[in-house]
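Enquirer: no sequence on hand, only this structure:
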Ligand code: ADP
């Protein structure tokens, strides 16, 4: 039976019972009231008339009106005959009263009295029997009412207990089903048996769960296809690639990465990289770089034995961020390590360095011989030259000197690039290095009418450096200062002592360098745009390499129009 019918039947029965209860109550009260009314009219009035007649009879000799009262009461009694034998007794009474004359004998009165008592007794008996009838009637009514009330209470009780359960049980079941769906258990199905109303809900619910399940299966299929596609893309890349999650667990690795890390694919994905790195030197280096990295700085190329030869890889560590669905803030989801194979470029670079080294070296001898020949040509003992020839000779000498400088710089550069830079450190006083640089640039300073001032403290520690290299650096700085200063200007060169280092500085009051170029001027071949002075753009780059090879630093402070101050800081 469906819920609607059960409810209708239950409430219907309860309604009928209440109706019956009401009807029975009214009927019982009505019966009681009729019975009491009957007793009143049928018997009580007769008793009352008899009493009246008895009283009149008592006063009959003293009071003349008593006879009238007696006759009146008798008349009323004659109209109120209700009991068996009452009629006969009343007729006898009537005859006796009618026979009364003015002289009333005691016997007559006695006979009348007896009749009256007889009538009273008949009525009293009737009252008694009617009362017991009413009593038994009311008992019956009470029984009926009690039964009906108990039935009503029982039914209402059953309703009270069963009704919420009937309604709530399927709702609970439905709630549980919805919770299961919310927890992605799309296999959940509902069954409400014969419950017609909820069966419809169950059918809709089961349809929905079925469609969701199908949808998930197709989404999973799609996701798996996409995952496989991405894996195929990653594997097709020639660069080794490693994906890490924020806890440094390995998310993915392509075949190239497995090959150069000498790892087998089984049991690697999902494991912690640091744990695998315990037995893998290369992975340990990569992970160390990931941990150490603050910002996207350049890494030193890694020398790895791959493809049966020594190869060079440049590591790129890319932090990965995503915008989770429904959120605006980016969330860190891991790192992507890409190893770019730069072996080809390294080989080309070293070929270039070798070529420059060879050419520079080969050029040095002819340039030196040109300079020697120029020296001889300028000697007056070999013949005099006219003014134009002397000028030409000067300009050839200048260009040859510059050529010699450039080849020297290129040779220094190749030394640094090929990693063949060897330092021959000796104990040196900073002033010796400064004096060397002043001497080397003396002719230049005179030509540009620059005044070189020296600031030097009385007490200063000695340095343990490769004299030639550091002297070359300071000479280059002083030469730059002279070249970029206007005529007749001052140039200050000096040294200061700090706790663990000595600063040697060169300050000029020339046109200065825009702060946006401060980083780039130490790059190879970089020249500040608009520089008219001739040069190669290599001097500062080589200076930086030389100073850093000593564990020192080189820095610049400058503003446009206020000159430059280059400082070389060397550890004591
Ligand atoms: P080069 O002087 O051979 O061009 P450097 O590496 O020594 O190469 O200098 C790089 C550039 O820095 C120069 O071209 C010049 O533009 C700028 N520069 C270097 N020193 C100074 C200086 N003292 N004043 C202004 N500009 C300078």
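Expert: Okay, I see it. Note that the structure is a prediction, hence the values are computed from the model and not measured. Residues are numbered from 1 along each chain as shown.

Enquirer: helix, strand, or coil at residue 194?
Expert: coil (DSSP: H, G, I helix; E, B strand; the rest coil).

Enquirer: can you tell me the element residue 367 falls in?
Expert: Per DSSP states H and E, residue 367 falls inside helix 343-378.

Enquirer: other SSEs contacting the helix or strand following that helix?
Expert: Beyond helix 343-378 on the C-terminal side, the first helix or strand identified by DSSP H and E is helix 387-417. Using 3 or more Cβ pairs under 8 Å, 6 or more residues apart in numbering; DSSP states H and E as the contact test, the elements touching helix 387-417 are helix 343-378, helix 539-549. (Glycine included, C-beta is placed from N, CA and C.)

Enquirer: ok, which of those helices comes nearest the ligand?
Expert: Nearest to the ligand among the helices and strands packed on helix 387-417 is helix 539-549; the distance by Cβ to the nearest ligand atom comes to 2.7 Å.

Enquirer: and the angle for that closest one with helix 387-417?
Expert: Angle between the axes of helix 539-549 and helix 387-417 is 40 degrees (criterion: axes from the mean of the first three to the mean of the last three Cα atoms, to 10 degrees).

Enquirer: just checking, what packs against helix 539-549?
Expert: Using 3+ Cβ pairs under 8 Å, 6+ apart, the elements in contact with helix 539-549 are helix 387-417, helix 467-483, strand 553-558, strand 564-571.

Enquirer: buried ones in the last one?
Expert: Neighbour-count burial for strand 564-571, with 16 or more other Cβ atoms under 10 Å as criterion, is recorded at 564-570.

Enquirer: then the second one?
Expert: For helix 467-483, the neighbour count (16+ other Cβ under 10 Å) marks 467, 469-483 as buried.

Enquirer: what's downstream of it, the next helix or strand?
Expert: strand 490-497.

Enquirer: then the longest one?
Expert: Next along the chain after helix 387-417, taking DSSP H and E as the criterion, comes strand 426-428.

Enquirer: return the list of strands paired to that following strand, each annotated with direction.
Expert: strand 463-465 (antiparallel) (DSSP bridges).

Enquirer: partners of the closest residue to residue 467 other than its chain neighbours in the sheet?
Expert: Using Cβ to Cβ, 6 or more residues apart in numbering and skipping the chain neighbours, the partner closest in space to residue 467 is residue 428 (5.1 Å). Taking DSSP bridges as the rule, residue 428 bridges to residue 463.

Enquirer: up against the ligand, what does the stretch 401-550 of the chain have?
Expert: Neighbours of the ligand within the stretch 401-550 of the chain, by Cβ under 6 Å from any ligand atom: 476, 480-481, 484, 508, 510-511, 513, 521, 527-528, 531, 535-541.

Enquirer: of those, just the buried ones, ChimeraX syntax please.
Expert: In ChimeraX, a selection of the buried entries from these looks like this (16+ other Cβ under 10 Å):
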select :476,480,481,484,508,510,511,513,521,527,528,535,536,537,538,539,540,541
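
Enquirer: contacts only, for the residue of the stretch 1-150 of the chain found nearest the ligand.
Expert: The stretch 1-150 of the chain approaches the ligand most closely through residue 3 (93.0 Å), counting by Cβ to the nearest ligand atom. By Cβ atoms under 8 Å, 6 or more residues apart in numbering, the contact list for residue 3 reads 166-167, 195-198.

Enquirer: can you tell me which of those residues is nearest the ligand?
Expert: residue 198 (86.6 Å).

Enquirer: give the buried residues for stretch 327-343.
Expert: Those would be 333-339, 341-343, for stretch 327-343 by 16+ other Cβ under 10 Å.

Enquirer: which residues of this structure score low on pLDDT?
Expert: 1-2, 293-299, 307 (pLDDT under 70).

Enquirer: quick one on the thing from earlier: tell me which other helices or strands the helix holding residue 367 touches.
Expert: Packing partners of helix 343-378 (3+ Cβ pairs under 8 Å, 6+ apart): strand 309-322, helix 387-417.

Enquirer: pipe these into TSV and attach mean neighbour count per row.
Expert: Formatted as TSV, the helices and strands packed on helix 343-378 follow (neighbours: other Cβ atoms under 10 Å):
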stretch	mean neighbour count
strand 309-322	15
helix 387-417	15
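
Enquirer: turn these into JSON lines, columns for distance to residue 89.
Expert: JSON lines is the format used below for those (distance: least, Cβ to Cβ, whole Å):
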{"stretch": "strand 309-322", "distance to residue 89": "118"}
{"stretch": "helix 387-417", "distance to residue 89": "159"}
